[in-house]
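Visitor: got a predicted structure plus its sequence, pasted below:
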Amino acid sequence: MIKVIDNVFNETEIDFLSAEFRDNMSWSFIGEAFQKSNWRKFHLFLEKDNKVHSKLFKKSDELLKNTVPSLSKTLKLTSSYASGYLYGTHHEIHPDYLKGGGITVMFYLNKVWDVSYGGETIFINNIGDITNSIIPKPGRVVVFDGSIPHAAREVSRICVELRMVATFKYEYK
């Protein structure tokens with residue numbers, strides 16, 4: 001299951017979230033060239049009591065109930081964070097869970113995103129083919145089975161934006 005939901009936020013909300021995450025959050029950089037993993041990205045833990053983050057927690061729970069109503073009561077939030085990528089940062093293909101382990105809700109937080117910037121989220125099937133490629137459009141959310149291997153594609157050299165996503169991972173109880 002991969003569901004793309006557009007226009008989750010109105011233009012004012014998109015402006016607010018994008019500006020807050022871009023300008024007012026304390027991002028940490030994680031990863032280095034000599035680690036076992038090649039991941040290199042900006043990272044931020046999301047907290048329910050943060051005024052800005054709380055909007056995403058609330059919307060994530062709402063989307064989960066609307067998107068997978070039969071499953072929403074069997075899921076428990078286990079992880080919430082934001083990730084940021086610039087040209088030259090790297091993200092590897094990975095699943096969030098083993099088969100049937102949970103659901104992931106991912107918000108794209110940029111106010112502006114041009115298709116030429118790259119940075120799409122790709123999903124891979126069991127033979128290594130890309131089955132879905134989702135452009136990180138403003139106001140877009142992707143709700144998906146967390147056992148599907150996926151990754152953020154590299155951001156283009158022409159992009160001057162930080163590709164920002166907020167991710168909420170829900171495991172089955």
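Guide: Good, I have the coordinates. Numbers count the residues shown, from 1 in each chain.
Visitor: helices of this structure, start to end?
Guide: In the chain, the helices defined using DSSP state H lie at 11-23, 51-67, 69-72.
Visitor: pipe these into CSV and attach distance to Gly128 per row.
Guide: (Glycine included, C-beta is placed from N, CA and C.) Listed next are the helices of the chain as CSV, based on distance: least, CB to CB, whole Å:
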stretch, distance to Gly128
helix 11-23, 33
helix 51-67, 27
helix 69-72, 28
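Visitor: mean pLDDT lowest where, among those helices?
Guide: Least confidently modelled of the helices of the chain is helix 69-72, at a mean of 79 by mean pLDDT.
Visitor: which elements pack onto that one?
Guide: Helix 69-72 is packed against no helix or strand, with contacts defined by 3 or more CB pairs under 8 Å, 6 or more residues apart in numbering; DSSP states H and E.
Visitor: so for it, what gets flagged as buried?
Guide: With burial defined by 16 or more other CB atoms under 10 Å, the residues of helix 69-72 counted as buried are Ser72.
Visitor: over to stretch 8-27?
Guide: Neighbour counts over stretch 8-27 (16+ other CB under 10 Å) mark Val8, Phe9, Ile14, Leu17, Ser18, Glu20, Phe21, Arg22, Met25, Trp27 as buried.
Visitor: do the same with stretch 73-87
Guide: For stretch 73-87, the neighbour count (16+ other CB under 10 Å) marks Leu75, Leu77, Ser80, Ala82, Ser83, Gly84, Tyr85, Leu86, Tyr87 as buried.
Visitor: which one of those residues sits closest to Leu46?
Guide: The closest of the buried residues of stretch 73-87 to Leu46 turns out to be Ser80 (CB to CB; 4.1 Å).
Visitor: list the contacts for that closest one?
Guide: Shown in contact with Ser80 (CB atoms under 8 Å, 6 or more residues apart in numbering): Phe45, Leu46, His53, Leu56, Phe57, Ser60, Ala166, Thr167, Phe168, Lys169.
Visitor: quick check: the first one touching Ser79?
Guide: If I follow you right, that is Phe45. No: look at Phe45 against Ser79 with CB atoms under 8 Å: they stay out of range, at 9.2 Å.
Visitor: which residue, other than its chain neighbours, is closest to Asp6?
Guide: Nearest in space to Asp6, with sequence neighbours left out and distances taken as CB to CB, 6 or more residues apart in numbering, is Arg140 at 5.3 Å.
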